[in-house]
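In: Quick one, structure for this:
(one chain, ligands or ions: 1)
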Amino acid sequence: APRLEIDQITRHFDGRDVVAGVSLSVTPGQVTCLLGPSGCGKSTTLRIVAGVDRQTTGRILVDGVVVSDDGRHAPPEHRGIGLMFQDFALFPHLSVAHNVAFGLDGGLRRHEARVRELLERVDLGGFFDAFPHQLSGGEQQRVALVRALAPRPAIMLMDEPFSGLDNRLRDEIRDRTLALLKEENTAVLLVTHEPDEAMRMADEIALMRAGRIVQQGAPYHVYNTPVDRAAAGFFSDINVLRGTSRGALTDTPFGQFLTPGLSDGAPVEIVIRPQHLRIDFDRQGRGPNPTASDGVAARGVVQRARFMGRESLVEFRMDHDGSSLKATVPAVFLPKPGTPLWLTLRRDR
Ligand code: ADP
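Out: Numbers count the residues shown, from 1 in each chain. Below is the predicted model of the structure:
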């Protein structure tokens, strides 16, 4: 059963709906991510769930009980919700342990065991009596996390909670945070504008645009079967092949693609992620190697290749129609400009 249900929420500001009919549910132990560009309504949605803002129409339910609708509006502290934001602030005059115990009835005296256990789970057992200024940014973040989790909130709302951290620290803290939230079986609603963060953290991604959820599903699903070109382009650089449908077929460098249901002359855009192209050597003009049987191949000439650490980005000019395509390949491979190569697109992509 869902722990949190957002039922047809709208929020009107200054003559427009910044949230326009958002529905979503989160079960215990599940991380759902509201992902979208800045200004699409993510934070407003989160604030409505928290109870610090109020929807214009729609309902919020926690464990099947309405906490907010046209009539009712339970205050934030009566919703069983924990909050974690980017600009979390620890109380500077309180020790780490007292910070963690802050929201617990009876304070540190009654809950010392719980506080110790939580601090140990994030490897901060040794900082029990320390003060916030003695901790690094990442350590403070972990304290803020366990402080939010200490009262065992049924629901955790997180708004860009990791964006203040530097890259390498961020990955580690994301992973620890995720592990702890799973252990506690918390229902999590996470807001971010970063697709990498969403894919790393979420069981379910709700992709938002202009106040609406345009696609929802597991990261694998949203990444590999985007609803439209913009949804595809939100997750990575994309190639767009342009063509025209004729007799339900569209001509591309990779051969003819089925474009059923389109009338003759209809413009077609075919979107291919650079990650989904593979490069095969053209062995003296004999064509791609036989493993290309799992896909369709097209020949092109390398225009530019850039080394980017884990991978190389290679730009091609395709023989077929002079169109440009980018492919991301393992960085062991950095072809020279002018090299003719085959690009293979797996059929399932
Ligand atoms: P996101 O979190 O996706 O960046 P927000 O939910 O913060 O987006 O904002 C969505 C839109 O609502 C923005 O255009 C923002 O300017 C507007 N907005 C947010 N809060 C208010 C407010 N209190 N009054 C008027 N407009 C607001």
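In: centroid residue for the chain?
Out: Nearest residue to the geometric centre of the chain (C-alpha atoms, centre = their mean): A198, 1.9 Å.
In: Average the pLDDT values over stretch 190-204 and round to the nearest integer.
Out: Summarised as a single mean, pLDDT over stretch 190-204 is 95.
In: Kindly report the same for stretch 24-36.
Out: Per-residue scores along stretch 24-36 average to 97.
In: got a list of contacts for it?
Out: 1-6, 42, 45-46, 154-155, 178, 181-182, 185-195, 197-198, 201-209, 213, 216, 234 (C-beta atoms under 8 Å, 6 or more residues apart in numbering). The C-beta positions use only the backbone N, C-alpha and C, and glycine is treated the same way.
In: Kindly recompute the last result at 7 Å.
Out: Outside stretch 24-36, the residues that touch it by C-beta atoms under 7 Å, 6 or more residues apart in numbering are 2-6, 42, 45, 178, 181-182, 185, 187-193, 195, 198, 201-209, 213.
In: Kindly report the same for stretch 150-160.
Out: 3-4, 43, 46, 49-50, 62, 80-86, 100-101, 103-104, 114-115, 118, 148, 181, 184, 186-192.
In: Narrow those residues to those in helices?
Out: Here DSSP state H is the test, and these give 43, 46, 49-50, 100-101, 114-115, 118, 148, 181 as lying in helices.
In: Nearest to the ligand among those residues?
Out: Relative to the ligand, the closest of the ones in helices among the contacts of stretch 150-160 is S43; by C-beta to the nearest ligand atom it sits at 3.1 Å.
In: that older thread, counting contacts, what elements does the helix or strand encompassing the residue nearest to the centre of the chain pack onto?
Out: Assigned by DSSP states H and E, A198 belongs to helix 195-201. Packing partners of helix 195-201 (3 or more C-beta pairs under 7 Å, 6 or more residues apart in numbering; DSSP states H and E): strand 31-35, helix 167-183, helix 219-224.
In: out of those, which comes closest to the ligand?
Out: Short answer: strand 31-35, nearest of the helices and strands packed on helix 195-201 by C-beta to the nearest ligand atom, at 7.8 Å.
In: now the helices and strands packed on helix 195-201 as TSV including distance to H73 and mean neighbour count?
Out: What follows is these, written out as TSV (distance: least, C-beta to C-beta, whole Å; neighbours: other C-beta atoms under 10 Å):
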stretch	distance to H73	mean neighbour count
strand 31-35	22	25
helix 167-183	27	15
helix 219-224	33	17
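In: comparing those, which gets the lowest mean pLDDT score?
Out: helix 167-183 (a mean of 85).
In: hmm, who's touching it?
Out: Applying C-beta under 7 Å, 6+ apart, the set of residues contacting helix 167-183 is 29, 31, 121-122, 138, 141-142, 145, 149, 156, 162, 165, 188, 197, 200-201.
In: Show me how far it is from its chain's centre.
Out: Once both centres are worked out by C-alpha atoms, centre = their mean, to the nearest Å, helix 167-183 turns out to sit 14 Å from its chain's centre.
In: what angle do it and strand 31-35 make?
Out: 140 degrees (axes from the mean of the first three to the mean of the last three C-alpha atoms, to 10 degrees).
In: Dump helix 167-183 to CSV, restricted to CA.
Out: Coordinates of each C-alpha in helix 167-183 appear next as CSV, following Å, rounded to 0.1, in the frame of the first residue of the first chain:
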residue,chain,number,x,y,z
ASN,A,167,31.6,15.6,-6.7
ARG,A,168,33.6,12.8,-5.1
LEU,A,169,32.1,13.2,-1.7
ARG,A,170,28.7,13.4,-3.2
ASP,A,171,28.7,9.9,-4.7
GLU,A,172,29.7,8.4,-1.4
ILE,A,173,27.2,10.3,0.6
ARG,A,174,24.4,9.5,-1.9
ASP,A,175,25.2,5.8,-1.5
ARG,A,176,25.3,5.9,2.3
THR,A,177,22.1,7.9,2.4
LEU,A,178,20.4,5.5,0.1
ALA,A,179,21.5,2.5,2.2
LEU,A,180,20.2,4.0,5.4
LEU,A,181,16.9,5.1,3.9
LYS,A,182,16.4,1.5,2.6
GLU,A,183,17.3,0.0,6.0
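In: Got a quick PyMOL command for the buried subset of the contacts of helix 167-183?
Out: Restricted to buried positions by 16 or more other C-beta atoms under 10 Å, the PyMOL selection for these reads:
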select buried, resi 31+121+122+138+141+142+145+149+156+162+165+188+197+200+201
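In: Closest one of the contacts of helix 167-183 to R54?
Out: M156 (20.8 Å; C-beta to C-beta).
In: Reformat the ones in helices among the contacts of stretch 150-160 into TSV and put distance to the ligand next to each item.
Out: Conversion of the ones in helices among the contacts of stretch 150-160 to TSV gives the following (distance: C-beta to the nearest ligand atom, whole Å):
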residue	distance to the ligand
S43	3
L46	8
V49	12
A50	12
V100	28
A101	31
R114	33
V115	32
L118	29
A148	19
L181	21
